[in-house]
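Peer 1: The following block contains a protein sequence and its predicted model.
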Amino acid sequence: MKQIINNFTMSVATPIIPDTTHIGYDQHRLEQLLLTHKATLDGHNQSIIVSLSQRIDEIDPLSILAFLTHETINNFSKDEIYFYWENQGKTEAILGYGVTHSSQLNIKDRFTKSQQFVEDCFHKIIKVDQDNLSDSSPHIFCGFTFFSETNQQQFPFPSAFSFLPKLEVIKRKRNSLLVFNLLIDSTSDVKKLANQTIANIKLLSQFKPYEEISKQEKQSINLNFKYQMIQGFESSVASALRSIKDNHFQKLVLANALDLTDSQDFSIVTCLKKLRYYHPDCYLFAINNGKNNCFVGASPERLISLKNKQLLTDALAGSISRGNTKSDDYYLAQKLLKSSKERREHQVVIEFIVQRLINLGLTPQISPLKVLKLSNIQHLWTPIYTQLNPNIHPLEIVAKLHPTPAVSGFPTGVTCQEIKRYETFERGFYAAPLGWIDYDGNSEFIVGIRSALISGNHARLYAGAGIVEGSEPEKELEEIQLKFQGLLKALSYC
Ligand SMILES: C=C(O[C@H]1C=CC=C(C(=O)O)[C@@H]1O)C(=O)O
């Protein structure tokens, strides 16, 4: 084991040995515990999932991802399915690595069926938490593609993908913990499982608290790229504007894709480190299918955040660039706030979200309009919140809100058809719901914008812009190019 750590150290990260390794489980105790639960299996309960948590010294889940994707250890291969999530505002990061239980669906009622999967899966869980940790709830990670039908040749994920990971590495502020979700059925080798889990706890508690971005990583510039942007965007915008004039729809969000090819494979971890550095106000995500395809990004747009029965969502639409000086930046923000075109684009989103929440029997409250300032762009932003009825499942809300007019347009039915007609590429997870639900019913989903699909040495970047009356094709193209910058910067300096 030591050998593996040392080899790894040289090339990827430097684990540090903590002063104290307070592992609460020993091989024998864990084996006994698993045996006791195995004994409860019968014809009714043919398998259970023991979810075991262990507090550890502060670590960075991203350094664990770097480690696990570099070396095969114990019962983890370096090509496992994973989901990496980071909410920098809340200083929270979660890595879900490997799969204990999953659901992959390509059907129309994917949200309802995924909800069923989530409920059944949580029903199987027995939480073992020796320290009575309040934050040790296991997570199910989910990704839904923009449309319920996807061409998997172009986007290699199912239209609804949910999984309970084998391992969760969780960091909240300075608190870190590991959660192991162990599947036990009549054939399980409990001794081996206990042995592997103890070894994994020992190994994974030895990482450093923060994965720094090196000066070299920050500065190295890759000039070997081949770029290709899908053509015809401006003429699609011009055509959409004619339809808006003829009252076919009020707003349409058209996206474009930029393809990059490098001479060597992109590094997901380096990309995440840079996104973390350049976009501290965004949610970071990476969802990997275990076959070298990873959807990665830094999104500013929260679809739902659900904690203690309080629901928070964002209307985010209307954009302008950042200024080079403080006064220039202020001038641009004022211009954004005063623009009737941008306000129209934004208002449609507020009205849609409010109406959908009312349809769910909720009473939404609208916060005052703000400007969200990101590193290279600023947006009109209206947080919307409400108290939640405990009977509503997070995925019911996701299903009701997706897609909002911030990513499709309005009215939704017509504009989704128009998107299919104009866009010649598969949206996949772009502009779609990605997130998690935990055992206690808390949940967070973001909208997968400012994102890219990375497959080896190829990356496809996605960005879109809202078209309303008053939009100009060249300006919309400029906005899209500005939105590409975030990922481009994170990838082109790998
Ligand atoms: C659709 C995207 O952004 C949405 C979110 C914020 C601002 C937007 C806009 O101003 O058009 C879009 O509605 C994207 O980044 O691909």
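Peer 2: Cool, the structure landed.

Peer 1: partners of the helix or strand Leu306 falls within in the sheet?
Peer 2: Using DSSP states H and E, Leu306 sits within strand 302-307. Applying DSSP bridges, strand 302-307 is found paired with strand 310-321 (antiparallel), strand 443-447 (antiparallel).

Peer 1: okay if I get those as CSV plus mean neighbour count and mean pLDDT?
Peer 2: For the C-beta atoms, the positions are set from N, CA and C on the backbone; glycine is no exception. Shown next, in CSV, are the strands paired with strand 302-307 (neighbours: other Cβ atoms under 10 Å; pLDDT from 0 to 100):
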stretch, mean neighbour count, mean pLDDT
strand 310-321, 22, 97
strand 443-447, 26, 98
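
Peer 1: can you give me the helices for the stretch 1-150 of the chain?
Peer 2: 2-11, 27-38, 61-68, 110-124 (DSSP state H, counting those that start in this stretch).

Peer 1: Please identify the most buried of those helices.
Peer 2: helix 61-68 (a mean of 24; mean count of other Cβ atoms under 10 Å).

Peer 1: The strand holding Leu306: which residues count as buried?
Peer 2: Neighbour-count burial for strand 302-307 flags 302-306 (criterion: 16 or more other Cβ atoms under 10 Å).

Peer 1: And stretch 369-381, by the same measure?
Peer 2: 369, 371-375, 377-381.

Peer 1: Please name the residues that touch the residue in the stretch 101-250 of the chain that the ligand sits nearest to.
Peer 2: Closest to the ligand within the stretch 101-250 of the chain is Phe146: 10.8 Å, counting by Cβ to the nearest ligand atom. Shown in contact with Phe146 (Cβ atoms under 8 Å, 6 or more residues apart in numbering): 403, 407, 427-432.

Peer 1: Check Phe157 too.
Peer 2: Neighbours of Phe157 in contact, by Cβ under 8 Å, 6+ apart: 143, 145, 150, 287, 289, 293, 295, 428-429.

Peer 1: Can you pull the residues of the stretch 151-300 of the chain lying near the ligand?
Peer 2: 253, 255 (Cβ under 6 Å from any ligand atom).

Peer 1: low pLDDT regions in the stretch 151-300 of the chain?
Peer 2: Scanning the stretch 151-300 of the chain for pLDDT under 70 picks out 209-212, 215-223.

Peer 1: Run through the helices of it in chain order.
Peer 2: Under the criterion DSSP H, counting those that start in this stretch, the stretch 151-300 of the chain carries helices at the ranges 190-204, 215-219, 233-245, 268-278.

Peer 1: Break this structure into its domains for me.
Peer 2: 2-204, 224-492 (automatic domain parsing).

Peer 1: Ile213: which of these is closest?
Peer 2: domain 224-492 (4.8 Å; Cβ to Cβ).

Peer 1: start to end distance for that closest one?
Peer 2: 9 Å (Cα to Cα, to the nearest Å).

Peer 1: just stretch 286-302 next, same as before
Peer 2: By Cα to Cα, one end of stretch 286-302 lies 16 Å from the other end.

Peer 1: and it, how far out from the chain's middle?
Peer 2: Here the centre of stretch 286-302 is set off from its chain's centre by 6 Å, with Cα atoms, centre = their mean, to the nearest Å.

Peer 1: rewinding a little: export the helices of the stretch 1-150 of the chain to TSV and tack on distance to the ligand and mean pLDDT?
Peer 2: Listed next are the helices of the stretch 1-150 of the chain as TSV, based on distance: least, Cβ to the nearest ligand atom, whole Å; pLDDT from 0 to 100:
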stretch	distance to the ligand	mean pLDDT
helix 2-11	35	30
helix 27-38	46	92
helix 61-68	24	94
helix 110-124	21	97
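
Peer 1: quick one: which of those is nearest Ser188?
Peer 2: The nearest among those, by Cβ to Cβ, is helix 27-38 at 6.4 Å.

Peer 1: Just want the residue of the stretch 151-300 of the chain that's nearest the ligand.
Peer 2: For the stretch 151-300 of the chain, Cβ to the nearest ligand atom, closest residue to the ligand: Val253, 5.4 Å.

Peer 1: thinking again about what came up before, need the worst-confidence member of the buried residues of stretch 369-381.
Peer 2: Across these, the smallest pLDDT goes to Ser375, namely 92.

Peer 1: so it makes contact with Arg276?
Peer 2: No. Taking contacts as Cβ atoms under 8 Å, Ser375 lies outside contact range of Arg276: 11.7 Å.

Peer 1: neighbours of Gln250, just the number please.
Peer 2: 17 (other Cβ atoms under 10 Å).

Peer 1: for the nearest residue to it once chain neighbours are set aside, which residues make a bridge with it?
Peer 2: Spatial nearest neighbour of Gln250, excluding adjacent residues (Cβ to Cβ, 6 or more residues apart in numbering): Phe410 at 4.9 Å. Beta bridges link Phe410 to Lys251 when assigned by DSSP bridges.

Peer 1: What distance do you get for Phe410 to Lys273?
Peer 2: The gap separating Phe410 from Lys273 is 37 Å, by Cβ to Cβ, to the nearest Å.

Peer 1: Next: Gly89.
Peer 2: For Gly89, the distance to Lys273 - Cβ to Cβ - is 18 Å.

Peer 1: So for the two, which sits in the more crowded spot?
Peer 2: Per other Cβ under 10 Å, whichever of Gly89 and Lys273 has more neighbours is Lys273, with 24 against 11.

Peer 1: circling back to that earlier point, among the contacts of Phe157, list the two that are farthest apart in space.
Peer 2: Thr150 and Ile287, at 13.9 Å, using Cβ to Cβ across the contacts of Phe157.
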